[in-house]
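this is a predicted model, with the sequence first.
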Amino acid sequence: MIKTNKDLLQYYNKITKESSKNDLEIIVSMGTCGIAAGTTPVLDELKKGIQEKGLSNKVTITESGCMGLCHSEPSIEVIDHKASKSIVYGDVKPEHALDILSNGVNPINGPTLINRTWYYPEDESKKENCPQARVVLRNTGRINPESIEQYIMQKGYQALGKTLCEMSPDDVVKSIMDSGLRGRGGGGFPTGKKWSLAKAVSADQKYVLCNADEGDPGAFMDRAVLEGDPHAVIEAMAIAGYAIGATKGGIYIRAEYPLAIKRLQIALNQAREMGFLGKNIFGSAFDFDIEIKYGAGAFVCGEETALIHSIEGMRGEPSFKPPFPAVAGLWAKPTIVNNVETYANIPAIIRKGADWFKTIGTPNSPGTKVFALAGKIKKVGLVEVPMGTTLGDMIFKIGEGIRNDREFKAVQTGGPSGGCITAKSIDTPIDYDSLRALGSMMGSGGMIVMDEDDCMVNIAKYFLEFTLDESCGKCTPCRIGNTRLYEMLDDITKGRGTQQTLFKLRDLAHVIKDTSLCGLGQSSPNPVLSTLANFIDEYEVHIYEKKCPAGVCRELIQYTIEADKCTGCTLCARNCPVSCISGERKQPHVIDQSKCIKCGVCYEACKFHAITKN
Amino acid sequence: MSNTVNVTINNMPVKVAPGTTILEAASKLEIRIPTLCHFKLDTFDFEHRTGSCRICVVEVDGKQNLAPACCTPVHEGMNVKTNTIRVINARRTILDLILSDHPKECLTCEQNGSCQLQDLAAEMGLNKIRYAGKTSTYKIDLANEAIVRDMNKCIMCRKCEVACNEIQTVGVLSGVNRGFNATVGTVSNRPLSDTKCVFCGQCVAACPVGALSAMNRSYDVWVALNNPKKKVVVQTAPAVRAALGEEFDFEPGTSVTGKMAHALRLLGFDAVFDTDFAADLTIMEETTELIERVKANKNLPLLTSCCPGWVKFFEHQFPDLLHIPSSAKSPQQMFGAMAKTYYAKKIGIDPSDLIVVSVMPCLAKKYEASREEFSREGVRDVDIVISTRELAGMIKEAGILFKNLEDQDFDNPLGESTGASVIFGSSGGVLEAALRTAADWLTGEDLEAVDYEPVRGLSGIREATVKVAGMDLKVAVTSGLGNARKLLEKIQKGEADYTAIEIMACPGGCLNGGGQPFIHGDTSILDKRRDAIYAEDKGKPIRKSHKNPDIIKLYDEFLKEPGSELAHKLLHTKYITRDNT
C-alpha cells in the first residue's frame, strides 16, 4: 500500500532499479487489432524460442497495447536497452521469431522494417522527421497494460500523489484550465472550465464519468488507450474526483470492447490494492473509487446527457441543456463527463505543468490529438500528432499518400458527422477552430481519406445512413429530417434527382443543423453540406447528366461493349446473371440496357477490355 | 443575485424572474410562440421541458443555433427574435417534416377540430408538403374498451409517456426504437389491454393530435336509441355538467345541468337520470363501512373506490393492500345495478330489455363497465359508456342547438341528488360527502356545518383531522396516481395513521378526466370547473346524501338498510390481484 508521496517515489526508485527487464526487450503489440491480425502465434513462437534457446535471462517479452501500426500488423518492437537501440517490425510471422531472437536489433529479412516516426516528448526531445508526438499514447504500445509496476515505472500515479499531497482542488482546476486542454471527445469544450463548473456547485455527492462509448465507424483511439494504458485514465479520474469533490467515478464503456474491459478491471483491482483507489488515498482524506458501466453500442450514448440517462437505466437519448451535467448530471448530482483521451492527458499535465503542455500544439488548441487514420491511405494507423499539424502532413507524411498512387480527393474528419475537406484546404492546421471553419469538425478523431474512385454523393449518403441508424429519434429534425435528406441523396444516386432536389437538400440540411437537439443532429448534415460546397459539380453530373463520374452509383453506370475490341469469345454472355448480353460466336456482342442490372460481372470477366463503364 | 433579468424580445424589453424561459418571457409581451411537445400544468405545479419537437425555436443573439423557447432559460441582456426569416423557415420546415410523416386524415380523425397540429398547420399556412417521403405504418390498437392508440398519427411529442410515467407513475408507455422508427410503445409491443394500463386517459388528454383517442361508442348509443324493443336510460356523472358547456362556446365553469338533461331527452332517452343519485347511494354504503371499520379499528385507512382507474392501479401495483379499499361499487356501477333491478322491476320490464347508458368524464369508466363482476346472468349493469366529448358530438350531430335550450330536470326515481353528490366531480368531494354523513350519524344530529374546506383543492396531498363526536378522524385526499403512490407507500411502510383516504386517478379528480373537453394545458379551466361544482353544491337545498328523499325511499322499498345483505349483493364488489409487468 502506498500511503504517501514519498512511499510512491521510493517504490518507483526501487522497482526501476530492480527492474527485471533483460538487455533485450521485445514488445509485442497485443491490442484487439494486433490479436485479430495474428499476433498471438507470433508471441507464442517468441516465447517458445526463448525457452528452447534458454534465453529467459537475456530476453524479456512485453505484451503491450496497440502500437498503432495497423498497416503492418502483427508488429513488434525490439529494444536493446544496453545499446539504446530499437527496431520496429511489421507483418511479423511466427516463422520470423527465431531469426528475431538471434539477431536482436540487427534487421532481418522477412518482416517489414518500420520507419519509426513517433517519439515520446516526455523523455525525448523533438526529432527531425518525427511528425508524431506522444502524450496520450505515451505508454500505449510501450508497457504491459496489465502491470501496474510498469505504469509506475513510467512515473505513473505520481501526478495523483502530487495532486493529493501538494495541491488544493483549486490548484488542480487552475492547472487544467491554464493548460488549455479541450475535450477530446469532439466538442472541444475547455476541460478546466467543465471541472470548475462542477466544483462550484455544492452537493452531497458528485460524479466523475469517463466516456468510453467510442462509436464512430473506424475509430479506435479510446480503445487503444484503454487497452494499452488503462492506469492513465484511472489516475486522471481520481485527480478529477479530488478537483471537483467527487468520491465516485464511472467508466461508461461499450460492451463490444471486451479486452479493454478486461484490462480496465485488472487495472482497477491493482489500483485498489496499491491504495490509489479506495479510502484515504495517499494518506489524505480523499476517497475515490470507480465502477465500470457497460453500454450497448448506441452511438448517441456518447452524447453526455444520453450517456448519463443510459447509466441511470433510462432510454439512451440526450436531453436539453441546461441543466448541464456539471450542475445536475447523474442522479441529478453535479457530474463531469470527459472522454478517455481527455483523461489520458491529465497525469502528464499535472506532472509537467500547464506551461509544458502549451508548448505542444497551437495557442487555441494546445496538446496533441490522436487520430485513426484510415481510408485510401498507404499507412493506415493510429497516430498522435501535435495540434496544428496540417492535414497534408497527416496524409502525405504520416500516411505516406494515397494507395495505388491514385489522386487524393478529400479527407473526412470528425467521423460520420464531420465534413469532407478537399485538396485546396490541405494546408489547414488541425485544430478545433480551423476544422469547424471548414464546415467539418475535430470529432473524436476519425480521419478517412478518399481518392478519385470515391463518389462524393455516395459518400455523403453513406455517412448519413450511419447517423440515420444511430439517431435516437427524439427530435423532429434529426428523426424525420435526416430521413428526408437520405431519401433525396438516394434519389440523386439513382438518377431520380432534379434541380429541386438539390435546393431542398441544401435548405433542409441547414435547418437540421440549426434546430436539432443534440450534437449528433446538429452535425449530421455536415457530410452533405461539405460535399455540396466542394463537389457541387459531382452532384450536378448525377442530376443533369444522370452519370456518376466515379463510377460508383450503380443505377447511373452504363456498361457497353466496344465492337472493335470485342472478339466474340462469349465469356461475358456466359457470365451475365440476367442473360442480357447477346451475339454470335466470334462476332461483337451487345448488352441489352433495358435488362442490365449493372452488376459489373461482364466488366470483370472480359479479358480484352472491350467493356467500358461510364 | 438580482431578482429580475432584462430581456429583449423582438426589440421589446421585458423584465422577468431568473429561470424564466424564453416562451414565458415572450408570453408576457403577448408574443405567441407555437409549441407541441411542451407540457406544463400550472395548477399541479408540473412542467416537463423536453424540447424535442423544435417547433418553438427562436433566434438568440450570440447563439450559434436556434434555441427552443420552451426550455431555454433567459439571461441578463438576452436578445431574442421570434419571427425572423431564419426562424420562420426553420419552423415551417419542422412542421413540414412532422406533416410529411403524419396521415392526412384530418376530416375523419377523432381529433378533428381539437387537434393542435391541425391548428398549427392552419396558423402557419403551410400550403404544401415540401419534404414528402416514406411514412410510418403501425398497427392500430383497438383491443380495449377505452383507448385507441394509432401510432401512425404520433408526432413523438411524448407527452403521453410523461403523463403515464411521471404524473401517473403507471409506467406503461415508453419511447422505443431509434431514428425514423422511434415511437412510443408498450412492453413487448403489447396491446394496452395486456398491460398494467389503468385507462385513466391522461395520455389521451395530453396527446396534441389524434394518436391517442377515446374508443368512441356514440354510434352504439344511436343504435340503442333507435331500437323500439329497448328502453334506454341515461346517467350523467357529476363532472360532466361542469365541462360540457365548453363544447358549445360557454365560458369554462358554466354549469349546464338543466340544458344537458333537456338535450338528453331530445336525443331520445326514455329516462334521464343522474349518477349523482348513485353517488348519494355510494355515500350511504361507504360511510356505513367506514363507521364499522373505525369502531372495530380494523382495515384502516379506508380507501375510496369510486374511481376505476385508481382501482385498477392498486390491483396491479399494490396487491398487498387489497383489503383496505372500500368494497362499495362506484356510483356508475351502483346506478347500473339499481337500474337493472329496482328500476326495471318498478317499471315492469326484463333487465335485458333495459339499456343503461353512462355519460362520464372518464375513459376508465368504459373499461369499468366491462368488468366481468359487473354483469349478472350475462346482462351488464351498464351497457354503453360515452365520454363528455362523445355526448357533445351526439348533441351536435343531432342538430340540437344546445346553447338555446331551456333547462329541464332529471327524471325520477334515479334522478334526485344532493350537494354532497355533486362534489364527487372534484378531488376531495367524495370524502367531504362521506364526512357530512358520518358526522351526522356519529353524533346522531343534523349538523349545520357541511363545508370541509381543508380537503378541497385540486393539487398535492391534502390532510385534515376532523373532530366528529369526540373522535379524531385523520383523513387525506389526493388525486393523480403519482400522488396516490406516495400515500400507498406510506401505508405499506406503516407510516400512515389515516382513517380514510380519497384517491382519484386523474389530477384534480373527475373534472380533469380523460373524457372531458380538451384543456390543452390550460389548467385555469380546471379551477373554473371546480368552482362550478362547488357552486352547484352550495345552491342545492339538500347537501347531505342521507337526506336524499329518493335514497331513503330506495332503502325503504328495496334495500332495507345500508350494508344489508341485498345491498352487499348489489352494491359491493371485490378486488383481484393483477399482473404488474
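Cool, got the structure. Numbers count the residues shown, from 1 in each chain, chains lettered A, B, ... in the order given.

and whatever helix or strand A:Glu291 lives in, anywhere near chain B?
Assigned by DSSP states H and E, A:Glu291 falls within strand A:289-295. No: using CB under 8 Å from any CB of the partner chain, strand A:289-295 never reaches chain B; the gap is at least 14.2 Å. The way it works is simple: take the backbone N, C-alpha and C, and place the C-beta from them, glycine included.

which residues does the one helix or strand B:Lys569 maps to contact?
Secondary structure assignment for B:Lys569, by DSSP H and E: helix B:565-571. Identification of contacts with helix B:565-571 by CB atoms under 8 Å, 6 or more residues apart in numbering or on different chains yields B:281, B:285, B:327-329, B:334, B:337-338, B:341, B:558-561.

pick out the most distant pair among these.
The span of the contacts of helix B:565-571, defined through CB to CB, is set by B:Ser327 and B:Phe558 at 19.3 Å.

in what helix or strand does whichever residue of the stretch 301-450 of chain A sits closest to chain B lie?
Nearest residue of the stretch 301-450 of chain A to chain B, counting by CB to the nearest CB: A:Phe320, 4.1 Å away. Per DSSP H and E, A:Phe320 falls between elements, in no helix or strand.

wait, it touches B:His48, no?
No: in this structure, A:Phe320 is not within contact of B:His48 by CB atoms under 8 Å, at 10.9 Å.

show me what contacts the residue nearest the centre of chain B?
Centroid-nearest residue in chain B: B:Gly513, 0.9 Å away (criterion: CA atoms, centre = their mean). Residues counted as contacts of B:Gly513 (CB under 8 Å, 6+ apart) are B:Gly201, B:Ala239, B:Met360, B:Pro361, B:Cys362, B:Leu363, B:Ser387, B:Thr388, B:Cys506.

excluding chain neighbours, what is closest to A:Lys279?
Closest residue to A:Lys279 apart from its sequence neighbours, by CB to CB, 6 or more residues apart in numbering or on different chains: A:Asp287 at 4.8 Å.

roughly how far apart are the one you found and B:Ser524?
Distance of A:Asp287 to B:Ser524, given as CB to CB, to the nearest Å: 51 Å.

so how many other residues sit close to residue 182?
Since no chain was named, I'll use chain A. 26 (other CB atoms under 10 Å in any protein chain shown).

um, chain B though
Other residues within reach of B:Ala182, judged by other CB under 10 Å, total 22.

next up, the contacts around it.
Contacts of B:Ala182 (CB under 8 Å, 6+ apart): A:Ser471, A:Cys472, A:Gly473, A:Lys474, A:Arg479, B:Met156, B:Gly175, B:Val176.

OK, contacts around the closest residue to the residue of the stretch 301-450 of chain A closest to chain B other than its chain neighbours?
For A:Phe320, ignoring the flanking residues on the chain, the nearest one in space by CB to CB, 6+ apart is B:Gly51 at 4.1 Å. The contact partners of B:Gly51, by CB under 8 Å, 6+ apart, come to A:Ser319, A:Phe320, A:Cys475, A:Leu517, B:Cys37, B:Pro68, B:Cys70, B:Cys71.

mind doing that once more with 6 Å?
Shown in contact with B:Gly51 (CB atoms under 6 Å, 6 or more residues apart in numbering or on different chains): A:Phe320, B:Pro68, B:Cys71.

neighbour-wise, which of these leads?
B:Pro68 (28 neighbours).

wait, that residue touches B:Ile55, no?
No: using CB atoms under 6 Å as the test, B:Pro68 is too far from B:Ile55 to be in contact (8.6 Å).

gap between whatever helix or strand B:Trp222 lives in and the chain center?
Here B:Trp222 is covered by helix B:218-225, with elements defined by DSSP H and E. The chain centroid and the centroid of helix B:218-225 are separated by 23 Å, computed with CA atoms, centre = their mean, to the nearest Å.

that one: which residues count as buried?
The neighbour-count criterion (16 or more other CB atoms under 10 Å in any protein chain shown) identifies B:Ser218, B:Val221, B:Ala224, B:Leu225 as the buried residues of helix B:218-225.

stretch B:158-171 too?
Quick answer for stretch B:158-171 (16+ other CB under 10 Å): B:158-165, B:167-171.

thinking again about what came up before, which pLDDT value goes with the residue nearest to the centre of chain B?
With respect to pLDDT, B:Gly513 scores 97.

again, but for the one 5 residues further on
Model confidence at B:Phe518, given as pLDDT, is 97.

show me which residues of the stretch 101-250 of chain B sit near chain A.
Counting by CB under 6 Å from any CB of the partner chain, the residues of the stretch 101-250 of chain B close to chain A are B:Asp101, B:Tyr131, B:Gly133, B:Gly175, B:Arg178, B:Gly179, B:Phe180, B:Ala182.

isn't B:Ala278 right up against B:Ser330?
No: B:Ala278 sits out of contact with B:Ser330 when judged by CB under 6 Å, with a separation of 8.3 Å.

centre of the chain to stretch A:279-298, how far?
Its chain's C-alpha centre and that of stretch A:279-298 lie 25 Å apart, by CA atoms, centre = their mean.

distance of the residue of the stretch 101-250 of chain B found nearest chain A from A:Lys474?
As assessed by CB to the nearest CB, chain A sits closest to B:Ala182 within the stretch 101-250 of chain B, at 2.4 Å. Applying CB to CB, the value for B:Ala182 to A:Lys474 is 7 Å.

B:Leu281 now?
Relative to A:Lys474, and taking CB to CB, B:Leu281 is found at 49 Å.

now do A:Lys321
14 Å.

more crowded one of the two?
Neighbour comparison, A:Lys321 and A:Lys474: the larger count goes to A:Lys474, with 29 against 17 (by other CB under 10 Å).

could you say which helix or strand contains the more buried one?
A:Lys474 belongs to no helix or strand, assigned by DSSP H and E.

next, it: phi, psi?
As for A:Lys474, its main-chain torsions (degrees, to the nearest 10) stand at phi -70, psi -50.

pLDDT score assigned to it?
pLDDT, A:Lys474: 97.

which parts of chain A sit against chain B?
Residues of chain A lying near chain B (CB under 6 Å from any CB): A:315, A:320, A:468, A:471-477, A:480-481, A:483-484, A:487, A:511, A:514-515.

let's see 7 Å
A:315, A:317, A:320, A:322, A:468-469, A:471-477, A:479-481, A:483-484, A:487, A:504, A:508, A:511, A:514-515, A:517, A:522 (CB under 7 Å from any CB of the partner chain).

got a PyMOL select line for the buried ones in the residues you listed?
Buried subset of the residues of chain A next to chain B, written as a PyMOL selection, criterion 16+ other CB under 10 Å:
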select buried, chain A and resi 315+317+320+468+471+472+473+474+475+476+477+479+480+481+483+484+487+504+508+511+514+515+517+522
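
mind checking which of the residues of chain A next to chain B land in strands?
With DSSP state E as the criterion, strands contain none of the residues of chain A next to chain B.

what residues go with each domain of the chain?
Unless you meant another one, I'm taking chain A. Split into domains by automatic domain parsing, chain A comes to A:19-116, A:148-357, A:368-451, A:456-545, A:558-613.

ah, no, chain B please
B:5-83, B:98-214, B:218-571.

can I get those domains in TSV including distance to A:Lys58?
Shown next, in TSV, are the domains of chain B (distance: least, CB to CB, whole Å):
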stretch	distance to A:Lys58
domain B:5-83	61
domain B:98-214	56
domain B:218-571	70
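
quick one: closest of those domains to A:Glu604.
Short answer: domain B:98-214, nearest of these by CB to CB, at 34.1 Å.

re the thing from before, the domains of chain A: which one's closest to B:Ser417?
domain A:148-357 (47.0 Å).

which residue ranges of the stretch 51-200 of chain A form strands?
Remark: strands assigned in the stretch 51-200 of chain A by DSSP state E, counting those that start in this stretch are A:59-64, A:76-80, A:85-90, A:112-114, A:118-119, A:132-133.

sweet, I'm off.
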